[in-house]
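# Quick check, what structure comes out for this input:
(one chain, ligands or ions: 1)
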Amino acid sequence: MALNHTPGAADVPELDVPTIRKKFPILDQQMNGHRLVYVDSASSSQKPASVIDAMSRYYETTHANVHRGVYAIAEEATRLYEQARTKVARFIGAPSPNGVIFTKNVTEAINLVAYSWGRANLQAGDAILLTEMEHHANLVPWLILAQERGVELRYLPVTDDYQLDLTDLDRLVDGVKLVSVTAMSNVLGTLTPLDRLVDAAHAAGALILVDGAQYVPHLPTDVQALDVDFFGFTGHKMLGPTGIGVLWAREELLEAMPAFLGGGEMIRDVRLDGWTPNDLPWKFEAGTPPIAEAVGLAVAVDELTALGMDAVRAHEVSLTGYALRTLTERFGDDLAIHGPSEPSQRGGVVSMQLGDIHAHDVSQVLDQHGVCVRAGHHCAKPLMRRLGVNATARASFYVYNDTDDVDALADALAATRDFFAV
Ligand SMILES: Cc1ncc(COP(=O)(O)O)c(C=O)c1O
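Numbers count the residues shown, from 1 in each chain. Predicted structure coming up:
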């Protein structure tokens, strides 16, 4: 199954960025005397008024706990919460909402798999295949498990041109029980060859977990076409609120997995000498869930659906291409860009090193020009070590960014270069 990373530009409408931008109240402000230029969406996206309003409206008119009360607003809260699940399921091509578990974020989604499936299925001598370009969210849960159980962790390396090195894939995947990979690097923008990895995992008799945190907000997603087993993502990077993420998994896996967190909601019955689990998906949703956040996420999904994910992807390919060209032309060798050079093979994150100026200093001067970028190790310390840097300044684009934002970024970088006299 080939992945369509590059929808034909002719087939999809262009995003009307000035109109989109008006939907985001936060963007309508000055910062340090400049128009606010937000190019840090890989860290967290901004929220349209529709999401903010839906959450306020929910609290103002409908809030009650879900799956409990039998009065009108409690039933409406439950309906909205479950409707959010249905919308999310449709958005990612899931066969049914029952495989959609709401979590706090993708970090919790991956931990759910590590604690529940991992501890029920892995023991000393078993192996998991990861990659060198994982976010800590898809490393530390497995490092904890490795420490606790003696599970072996293997890693697909990253090449000097920022791709996953699949040369030794057959050897590395042989005998593993799980392959767990990001769909897109949050540092490099590299898109993972998921089709190759899914095929290799399944041929080896392993399951595959995909961290879709940087994928779902930016590309059309179909978990059935991807043929993955576990798929996690996070609401706040896709126009939704913080505090909500998703684990989707094949239902037969979820049915067989032991509970993760215990408490209310996740039980069918409790006695003093035992308990029985609830049906899916509630078996994995202990305690009062993120109700308002689910309401907000549903509206975020509506917004992205209305834009069209093919159009979102085409916009980002085009804008990233413009950014790579502009930055290369203006800065040449003064600016190292860590990531693939072909826009159609990557996402819209651009990790930069400006001369020998520390990324935090770059970010602070950019802030003086109203430009927000992320500086640091991006929660991917092993990858930073592989790149031989301890930090980069990372710009990342989304539906509300356009070439003016890229130009503002480039102007602010030029001012930074002058300031530090590189
Ligand atoms: C690839 C990737 N995975 C996981 C995460 C963690 O997301 P969260 O903090 O929402 O759990 C991020 C966030 O930056 C990410 O980029």
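# Summarise which helices and strands the top helix by length along the chain is packed against.
Assignment by DSSP state H gives helix 309-331 as the longest helix of the chain. When contacts are defined as 3 or more CB pairs under 8 Å, 6 or more residues apart in numbering; DSSP states H and E, helix 309-331 packs onto strand 335-338, strand 349-354, helix 403-420. C-beta: built from backbone N, CA, C; applies to glycine.
# Kindly recompute the last result at 7 Å.
strand 335-338, helix 403-420 (3 or more CB pairs under 7 Å, 6 or more residues apart in numbering; DSSP states H and E).
# Compare those and report which one is nearest to the ligand.
Ranking these by proximity to the ligand (CB to the nearest ligand atom) places strand 335-338 first, at 15.1 Å.
# Residue of the stretch 251-400 of the chain nearest the ligand, please.
Counting by CB to the nearest ligand atom, the stretch 251-400 of the chain gets nearest the ligand through Cys379, at 5.9 Å.
# what's near enough to touch that residue?
Applying CB atoms under 7 Å, 6 or more residues apart in numbering to Cys379 gives the contacts 135-136.
# which element is it on?
Using DSSP states H and E, Cys379 falls within no helix or strand.
# export the helices and strands packed on helix 309-331 to a markdown table and tack on mean pLDDT and distance to Lys237?
Conversion of those to a markdown table gives the following (pLDDT from 0 to 100; distance: least, CB to CB, whole Å):
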| stretch | mean pLDDT | distance to Lys237 |
| --- | --- | --- |
| strand 335-338 | 98 | 20 |
| helix 403-420 | 97 | 18 |
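# Could you dump these into a markdown table with distance to Met257 added?
Below are the helices and strands packed on helix 309-331 laid out as a markdown table (distance: least, CB to CB, whole Å):
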| stretch | distance to Met257 |
| --- | --- |
| strand 335-338 | 37 |
| helix 403-420 | 43 |
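# Show me the shaky parts of the stretch 301-422 of the chain.
422 (pLDDT under 70).
# That one against the ligand: which residues are in contact?
Listed as neighbours of the ligand in the stretch 301-422 of the chain under the rule CB under 6 Å from any ligand atom: Cys379.
# Around the ligand, which positions in the stretch 151-300 of the chain sit nearby?
182, 186, 211, 213-214, 234, 245.
# what's the burial count for Leu15?
21 (other CB atoms under 10 Å).
# Tell me who's in contact with it.
307, 311, 315, 399.
# burial measure for the second one, as a count.
When you say that, I think you mean Ala311. Ala311 is flanked by 21 other residues according to other CB under 10 Å.
# same check, this time on Asn401
28.
# likewise Tyr38?
23.
# where's stretch 362-371 relative to the chain centroid, distance-wise?
25 Å (CA atoms, centre = their mean, to the nearest Å).
# hey, C-alpha coordinates of that stretch in CSV?
Presented in CSV, the C-alpha positions along stretch 362-371 are these (Å, rounded to 0.1, in the frame of the first residue of the first chain):
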residue,chain,number,x,y,z
VAL,A,362,18.1,32.7,18.2
SER,A,363,14.6,32.1,19.6
GLN,A,364,14.9,35.1,21.9
VAL,A,365,15.9,37.5,19.2
LEU,A,366,13.1,36.1,16.9
ASP,A,367,10.7,36.8,19.7
GLN,A,368,11.8,40.4,19.7
HIS,A,369,10.5,40.4,16.1
GLY,A,370,7.2,38.8,17.1
VAL,A,371,8.3,35.4,15.7
